[in-house]
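Peer 1: Please find the sequence and the predicted model below.
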Amino acid sequence: MVKRIVTICLLIAMAVGIYGYRIFDEIRIAINRNPNAITVWVPFSPQHEFTNSFEQLLMDWADTQDDIEIEFLAITFFDYFGKIRTAQSGGVGPDVSINDIVTLPFRAQNRHVLNLDPFIESGYIDIDNYFEADIERLSYRGSLYAVPFSIDARFLFFNKDHFRAAGLDPYNPPTTLEELQATARLLTLYENNTAGGLPLNIDTQDRSNRLYQLGFHPEWGNNHIAQFAWAQGGGIFADDATVDWYNPINYATMRWWVETSRIVPQPHINQFNGRSDKFMQGVNPFFTGAVSMIVENDPLAWEIETFFEQHPDRVFDWGVITIPYATCDETGVSFETSWSGVFTTEVAAGLSSEREAKAVRVMQFLISDTVQNHILDMFGWKPGTRSAIERVLADPDTSPQQRYILEKYEIRRHMDHNEAVPEWGFYLSGPIQNATAGRISVSEAMQLGEADLQNSINRHFGIISCANMDWFAIILVAVLLATVIVLYIGDMLLKRRKNKIAQKTDSKGGH
């Protein structure tokens, strides 16, 4: 009996140790946490100039508040979202955070973030100062759970000097997919063939004629096929339970995507990437003229001006336009759009009333004109409010390209959220890459992507959703219980066997 108790205790201690090591970061944060401070986490590099100035701005504000103390933590972007999700699941997440729009529904569903509806009613949050698309995407089941800290959009940037050199009108960039593909061919140049791009069926092993200038490639830049599908009137889902990927509009878009990607064979692309004269470390290839057209985040319009100031020898004439879009002839509806992302500002749920009130005040400061203007002063872009954007538009130094972008912010659209397949893009990316490489046809790629997506949705709705459970902990507990049960049963069987042997011995002794 004593051995069994000792064994069980050792197993429990081992399980606690293993799980405790797994959540070491959360335990460390909880131990070191200042109970009186409002914790603020941000996904910014700790060494970045903006991070330091932003922290100082926040601390200076806190100094003016008699009852608020700030504990600030900056975590590198690529590590941030995994750490904050784990911390929130462990109950030691920050009181106030800047987070990512994509995973907001999960935080709202799991009650990690505060419902902000009461603060709209009390006037703490002025939703009229935000774009409708952002407020809609930051809501979950009709309630608001976050407000934008900063927003962005994607546009097609084009090099006007390249257009002129190819005999194209620099003031009439492509407005349809067909025009974009044809222009990409004309602007794709090889060293020994400056009259235009090589034919699609070029020998992929022939590398003697090196690529000199890439006209356009769908996968270069910050782009996604869903954005082009939207712009033609297509989409990914018919509803939360039904995938509508393999339809005529999406098929035409997908075929265009694959054909345009294959204008230049991959071996030539790989060789081109190694050209030192056309690329600079950490610099967008559009800056250096390596690519004539590229879909990128709108900050590029501000970064180009800074780059030109630092490298006056590389200045060129450039323009920006929304990606090619269709118009429905029957209704006249335009599908002009831009894929947008948002950094959110959120308050943790489950705080005491006193702590919650302080956290909401910190959040209110983060979305105030003071902070928004600081973002603008530091970068000149990425404001999160209408008032901040109006300030940029009113600035006479704002370039025509920058003005064009901000005036188009109303058309922005966010990636579809589907609770059953939150990372649905991965289901499509593999088949798309196989189609681009010529391993499968466009139809096969679309069928595979749609089937995988639909099967995952069917599985989600066909069983109890366990997406948010900590499976490591559950499996650990299950193994522990199974071990205890096996030990208990084994002990019982061993005792029963001993009793039978004893009874047989006594029976023989009686004879």
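Peer 2: Thanks, I have the structure now. Residues are numbered from 1 along each chain as shown.

Peer 1: Chain neighbours aside, what residue packs nearest to the residue nearest the centre of the chain?
Peer 2: The C-alpha lying nearest the average C-alpha coordinate of the chain belongs to residue 102 (CA atoms, centre = their mean; 5.9 Å). Counting by CB to CB, 6 or more residues apart in numbering, residue 102 lies nearest to residue 415, which is 6.6 Å off, once chain neighbours are set aside. The C-beta positions use only the backbone N, C-alpha and C, and glycine is treated the same way.

Peer 1: what's around that neighbour, how many residues?
Peer 2: The number of residues packed near residue 415 is 19, by other CB atoms under 10 Å.

Peer 1: Now do it, the pLDDT please.
Peer 2: Residue 415 is assigned a pLDDT of 91 by the prediction.

Peer 1: so which strand or helix has it?
Peer 2: Using DSSP states H and E, residue 415 sits within no helix or strand.

Peer 1: tell me the contacts of it?
Peer 2: Taking CB atoms under 8 Å, 6 or more residues apart in numbering, we find residue 415 in contact with 102, 224, 226, 339, 425.

Peer 1: shouldn't the second one be in contact with residue 337?
Peer 2: In this case it means residue 224. No. Using CB atoms under 8 Å, residue 224 is not in contact with residue 337; the gap is 11.8 Å.

Peer 1: okay, those two: which has more neighbours?
Peer 2: Taking other CB under 10 Å, residue 224 and residue 337 do not tie; residue 337 has more neighbours (21 against 17).

Peer 1: For residue 323, see how far away the more buried one is.
Peer 2: 8 Å (CB to CB, to the nearest Å).

Peer 1: Next, show the common contact partners of the two.
Peer 2: Contacts common to residue 337 and residue 323, judged by CB under 8 Å, 6+ apart, are 227, 231.

Peer 1: Can you report how many residues lie near residue 365?
Peer 2: 18.

Peer 1: From residue 378, how far off is the residue nearest to it when sequence neighbours are not counted?
Peer 2: Counting by CB to CB, 6+ apart, residue 365 lies nearest to residue 61, which is 5.5 Å off, once chain neighbours are set aside. Separation of residue 61 from residue 378 (CB to CB): 16 Å.

Peer 1: Pick out whichever of these two has more residues nearby.
Peer 2: Each of residue 61 and residue 378 has its neighbours counted (other CB under 10 Å); residue 61 has more, 18 against 15.

Peer 1: Give me the pLDDT for that one.
Peer 2: pLDDT, residue 61: 96.

Peer 1: where does the stretch 151-300 of the chain dip in pLDDT?
Peer 2: Low-confidence segments of the stretch 151-300 of the chain, defined by pLDDT under 70: 193-208, 276.

Peer 1: residue ranges for the strands of it, please.
Peer 2: 154-159, 189-190, 211-213, 237-239, 242-243, 293-297 (DSSP state E, counting those that start in this stretch).

Peer 1: tilt between the first one and strand 293-297?
Peer 2: Right, the one you point to is strand 154-159. 140 degrees (axes from the mean of the first three to the mean of the last three CA atoms, to 10 degrees).

Peer 1: Which strands border strand 154-159, and is each parallel or antiparallel?
Peer 2: Counting by DSSP bridges, the strands paired with strand 154-159 are strand 293-297 (antiparallel), strand 318-321 (antiparallel).

Peer 1: try the fourth one
Peer 2: Strand pairing for strand 237-239, determined by DSSP bridges: strand 242-243 (antiparallel).

Peer 1: quick check, distance from the strand it pairs with to the centre of its chain.
Peer 2: When distances are taken as CA atoms, centre = their mean, to the nearest Å, strand 242-243 is centred 22 Å away from the chain's centroid.

Peer 1: Residue 162 contacts residue 292, correct?
Peer 2: Yes. Residue 162 lies in contact with residue 292 (CB under 8 Å); the separation is 4.2 Å.

Peer 1: of the two, who's got more company?
Peer 2: Using other CB under 10 Å as the criterion, residue 162 and residue 292 rank with residue 292 on top: 27 against 23.

Peer 1: so that one sits right up against residue 158, yeah?
Peer 2: Yes. Residue 292 is within contact range of residue 158, at 6.5 Å (criterion: CB under 8 Å).

Peer 1: low-scoring pLDDT stretches of the stretch 401-511 of the chain, where are they?
Peer 2: 463-474, 476, 502-511.

Peer 1: again, only this time at 50
Peer 2: Along the stretch 401-511 of the chain, segments meeting pLDDT under 50 span 463-469.
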